[in-house]
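Chemist: Please work out how this folds:
(4 chains)
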There are 2 protein chains.
Amino acid sequence: MNEKISIKEIAAMTNVSVATVSRVINNNGRFSEDTRRKVLKAIEDTGYKQNKMAVGLRINKSNMIGILVPDITNEFYSAIVKKCEQSLSELGYSCIVCNTDRSPIKENKYLKRLSEHMVDGLIIISTNSSNEFLKLNIPMVFIDRNPNLESKIIVQSDHYNGACTATNYLINTGFSPYMITTKTRATATQERVRGFIDTLNENNVENNNRILKLNLTSNEFLHKSVETKAFLQKIKNKKIGIFAINDNIAYLVLQLAKELNLNIPQDISIIGFDDAPISKIATPQISSIRQNTDEIATQAARLISERLDNPNIKISQTKIIPTDLVLRETTI
Amino acid sequence: MNEKISIKEIAAMTNVSVATVSRVINNNGRFSEDTRRKVLKAIEDTGYKQNKMAVGLRINKSNMIGILVPDITNEFYSAIVKKCEQSLSELGYSCIVCNTDRSPIKENKYLKRLSEHMVDGLIIISTNSSNEFLKLNIPMVFIDRNPNLESKIIVQSDHYNGACTATNYLINTGFSPYMITTKTRATATQERVRGFIDTLNENNVENNNRILKLNLTSNEFLHKSVETKAFLQKIKNKKIGIFAINDNIAYLVLQLAKELNLNIPQDISIIGFDDAPISKIATPQISSIRQNTDEIATQAARLISERLDNPNIKISQTKIIPTDLVLRETTI
DNA sequence: CTGAAAGCGCTAACAC
DNA sequence: GTGTTAGCGCTTTCAG
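Modeler: Reported below is the predicted structural model:
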């Protein structure tokens, strides 16, 4: 039964032209109340569904948005993608989501595919070094990434101030501040490091070996790190405050601190970043700088839909979303 | 520059017809090596991209798959979606993912939209009671759900045997088995309960108030539950073994057990379900029945692509994916 | 080996 | 208020 019933059949059934059917479907142009009812009834009866590929081809708009995300399995990213999808869905857009695994090659492949699918816009989360988007001429918003583009829309957390807040808190509660981070050129990371260093300077704390750069990739975060243990061991007699680049690292530090028989938060104070689930689950619970994923996603969706409605405007925009410190049990 | 260059322009540039261009793009039909080179070069030079909406309209295939998922923020679902997306992507399909929030209304809306987008197939994860898919006549695979359909493809974990394994383990290590579950009609839950009860019977354990059904929804799992505490209090003098319907509940039990000063795993033994991250993060680490999300996703992708390649075959299929018990610190 | 032409389902002038 | 028609970009007969 359900076989491909089109506007043409509806037209035939109701003795009007396809144009009229189109008019009532889109509620656009004029038609009598009578034909409206007739057409709507036929649509109802037959279960007719508009073919968006045909519409898209005709009006040159797919109502689809591509989302490039490193890994949807990561709580931070999945929260953003979910909220983006929800906001966009309310505006009539469907989302094609692509896990790039942080691979520039994959990113470029996806970008090509998405543009073939005629997505109306793109939300690109993090990662660097892909370049296929340079060839694209559609609205794009970048989350946590500053592309080398003339006109660009960027949404990101206030990583810098988040780091400052964390570092200041450690200092103000009497701890000697250290930072543990990963080796990456992600702007988010760089900003956090910059915030840490600036805060050190502002408080006249000398910066001798206060930053440990780990070689971990995100999946290994929960593993033991000899490097980190050695680092902690070296400084354990001071009252140390660790600012970790993310909650996984904070958790790692927490485990090692236990192994080293340090009292938390008397001997060692720990602040992570992201306010990920792990920070609430760990024992003791980890204090963390919260990123407002809902707000990031909402703004990203809003900005792209604005640009979609107004393709001629081409100004750059950057939206910084505030972060805040969530105090739990690893700090005083 | 980048403005909508189509097959027609390529044809003009290379002095061949659009038909020939189409032939070399799809490597289909015959053409000389010379024209092939010419066309490919023009494509390269211009950055031409095939318009999949036009192709789709013509050949009646969108190369898009819709994925309905309750909540991509949940680790179990996100793992499945990620792997599905990856497998499908390798086969040339793009995925439109939709978070249904377990709302039948949303599900139906999404289903309608997806069918308008002309998705070639659907992967539907969990949840019940939507019905819009009944009107659809495209391949669908259901994960953890048994729809009321004549012909259907189902992929699911072996919830029943997982529950049996957990329960048997508790009994064999000398604990009196209890189950804590939630009020839902999800088949996954029902199967686990059935496994628990059957194992009780097989071991001649009487079933008096051994099952506690909680009214929690997944977001509240980490909160305290007075109900659960009361339940534990009542049975705390026996050596109790708790089989929790999922790892969040297991975590809840763990917290309460600590509050009640029960020794883990001497006084109380706990086994969760899903092998979610929380089970590894908690202290002590929680034993759990692992669901093989990779395998679930791989099979789902395989089955749907098979059906896509062979739309005439219409037999029902059910694929049960084995689960296994991961022992950690909450069991002996 | 290649071209002409029809047509996928739809919208938007343009007529009446 | 409604119909006719062109055409979006592409594939696929059918001729040659």
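Chemist: which strands and helices sit next to the strand or helix carrying A:Gln299?
Modeler: Taking DSSP states H and E as the definition, one finds A:Gln299 inside helix A:293-309. Contact analysis of helix A:293-309 by 3 or more C-beta pairs under 8 Å, 6 or more residues apart in numbering or on different chains; DSSP states H and E lists helix A:75-90, strand A:121-125, strand A:140-143, strand A:153-157, strand A:317-321 as its packing neighbours. For every residue, glycine as well, the C-beta is placed using N, CA and C.
Chemist: All the helices of the stretch 101-250 of chain A, residue numbers only.
Modeler: A:104-116, A:159-172, A:187-202, A:226-235, A:247-259 (DSSP state H, counting those that start in this stretch).
Chemist: closest to DNA strand D out of those?
Modeler: Taking C-beta to the nearest atom of the strand, helix A:104-116 is the member of the helices of the stretch 101-250 of chain A nearest to DNA strand D, at 8.4 Å.
Chemist: Wondering if that closest one reaches DNA strand D at all.
Modeler: No: if you take C-beta under 7 Å from any atom of the strand as the test, helix A:104-116 misses DNA strand D, and the best it gets is 8.4 Å.
Chemist: That helix near chain B anywhere?
Modeler: Yes: legend: contact between helix A:104-116 and chain B by C-beta under 8 Å from any C-beta of the partner chain is shown at A:110, A:112-116.
Chemist: can you put the residues you listed in JSON lines and add neighbour count and pLDDT?
Modeler: Formatted as JSON lines, the residues of helix A:104-116 next to chain B follow (neighbours: other C-beta atoms under 10 Å in any protein chain shown; pLDDT from 0 to 100):
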{"residue": "A:Tyr110", "neighbour count": "24", "pLDDT": "97"}
{"residue": "A:Lys112", "neighbour count": "16", "pLDDT": "96"}
{"residue": "A:Arg113", "neighbour count": "21", "pLDDT": "97"}
{"residue": "A:Leu114", "neighbour count": "25", "pLDDT": "97"}
{"residue": "A:Ser115", "neighbour count": "23", "pLDDT": "96"}
{"residue": "A:Glu116", "neighbour count": "16", "pLDDT": "97"}
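Chemist: Nearest to B:Ile235 among the residues you listed?
Modeler: A:Tyr110 (53.0 Å; C-beta to C-beta).
Chemist: Just give the closest residue to the closest one, not the sequence neighbours.
Modeler: Among residues not flanking A:Tyr110 along the chain, A:Cys98 sits closest, at 4.2 Å (C-beta to C-beta, 6 or more residues apart in numbering or on different chains).
Chemist: Looks like the one you found contacts A:Leu114 (just checking).
Modeler: Yes: between A:Cys98 and A:Leu114 there is a contact under C-beta atoms under 8 Å: 7.1 Å.
Chemist: what sits in contact with each of those two?
Modeler: Each of A:66, A:68, B:94 lies in contact with both A:Cys98 and A:Leu114 under the rule C-beta atoms under 8 Å, 6 or more residues apart in numbering or on different chains.
Chemist: What separation do you get for the closest residue to the first one other than its chain neighbours and A:Ile138?
Modeler: Just to be clear, that refers to A:Gly66. Leaving aside its sequence neighbours, A:Gly66 sits nearest to A:Leu114 (C-beta to C-beta, 6+ apart; 3.7 Å). Here A:Leu114 is placed at a distance of 9 Å from A:Ile138 (C-beta to C-beta, to the nearest Å).
Chemist: Now do the shared contacts for these two.
Modeler: A:Leu122.
Chemist: related to what we said a few turns ago, now the residues of helix A:104-116 next to chain B in JSON lines, with distance to DNA strand C?
Modeler: Shown next, in JSON lines, are the residues of helix A:104-116 next to chain B (distance: C-beta to the nearest atom of the strand, whole Å):
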{"residue": "A:Tyr110", "distance to DNA strand C": "26"}
{"residue": "A:Lys112", "distance to DNA strand C": "23"}
{"residue": "A:Arg113", "distance to DNA strand C": "21"}
{"residue": "A:Leu114", "distance to DNA strand C": "21"}
{"residue": "A:Ser115", "distance to DNA strand C": "20"}
{"residue": "A:Glu116", "distance to DNA strand C": "16"}
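Chemist: out of these, what pair is the most spread apart?
Modeler: A:Tyr110 and A:Glu116 (10.5 Å).
Chemist: In stretch A:262-269, which residues are buried?
Modeler: Residues of stretch A:262-269 classed as buried: A:262, A:264-265, A:267-269 (neighbour count, 16 or more other C-beta atoms under 10 Å in any protein chain shown).
Chemist: residue contacts, A:Ala297?
Modeler: A:79-84, A:87.
Chemist: what does the model give it for pLDDT?
Modeler: A:Ala297 carries a pLDDT value of 98.
Chemist: Pull up the per-residue confidence for the closest residue to it other than its chain neighbours.
Modeler: Distance criterion C-beta to C-beta, 6+ apart; nearest residue to A:Ala297, sequence neighbours excluded, is A:Lys83 at 3.3 Å. If you check A:Lys83, the pLDDT there is 98.
Chemist: just checking, A:Lys83 touches A:Thr293?
Modeler: Yes: with contact defined as C-beta under 8 Å, A:Lys83 reaches A:Thr293; the gap is 6.6 Å.
Chemist: Have a look at those two and say which one is more surrounded.
Modeler: A:Thr293 (24 against 20; other C-beta atoms under 10 Å in any protein chain shown).
Chemist: List the residues that contact that one.
Modeler: Applying C-beta under 8 Å, 6+ apart, the residues near A:Thr293 are A:76, A:79-80, A:83.
Chemist: ok, now A:Val97?
Modeler: If a contact means C-beta under 8 Å, 6+ apart, then A:Val97 has A:66-67, A:69, A:72, A:81, A:85, B:85, B:95-97 as its contacts.
Chemist: partner residues bridging the residue nearest to A:Tyr110?
Modeler: A:Leu68 (DSSP bridges).
Chemist: Then A:Gly241?
Modeler: Where A:Gly241 sits in a bridge, its partners, by DSSP bridges, are A:Pro177, A:Ser269.
Chemist: how many other residues sit next to A:Ala186?
Modeler: Neighbours of A:Ala186 (other C-beta under 10 Å): 18.
Chemist: what do you get for A:Arg185?
Modeler: 8.
Chemist: Who are the contact partners of it?
Modeler: A:Asn128.
Chemist: Same question for A:Thr318.
Modeler: A:153-156.
Chemist: do that again at 7 Å, thanks
Modeler: Residues near A:Thr318 by C-beta atoms under 7 Å, 6 or more residues apart in numbering or on different chains: A:Ile154.
Chemist: Please apply the same query to A:Ile10.
Modeler: A:21, A:39, A:42-43, A:46, A:48.
Chemist: For the nearest residue to A:Glu227 once chain neighbours are set aside, list each beta-bridge partner.
Modeler: Excluding the flanking residues, the one nearest A:Glu227 by C-beta to C-beta, 6+ apart is A:Leu214, at 6.3 Å. Note on A:Leu214: beta-bridge partners by DSSP bridges are A:Thr182.
Chemist: Any idea how many residues pack against A:Leu214?
Modeler: Using other C-beta under 10 Å: A:Leu214 sits among 20 other residues.
Chemist: returning to what we had before: which single one of the buried residues of stretch A:262-269 is nearest to B:Pro284?
Modeler: When those are compared for distance to B:Pro284 (C-beta to C-beta), A:Ile264 wins out at 17.5 Å.
Chemist: Just confirm that closest one contacts A:Ala257, I think it does.
Modeler: Yes: shown here, A:Ile264 and A:Ala257 form a contact pair, counting by C-beta atoms under 7 Å, at 5.9 Å.
Chemist: and which of the buried residues of stretch A:262-269 is nearest to A:Ser288?
Modeler: Nearest to A:Ser288, judged by C-beta to C-beta, of the buried residues of stretch A:262-269 is A:Ser269 at 12.5 Å.
Chemist: What residues does that closest one make contact with?
Modeler: Going by C-beta under 7 Å, 6+ apart, the list of residues near A:Ser269 reads A:170, A:173, A:175, A:241, A:330-332.
Chemist: 6 Å - rerun?
Modeler: Applying C-beta atoms under 6 Å, 6 or more residues apart in numbering or on different chains to A:Ser269 gives the contacts A:170, A:175, A:241, A:331.
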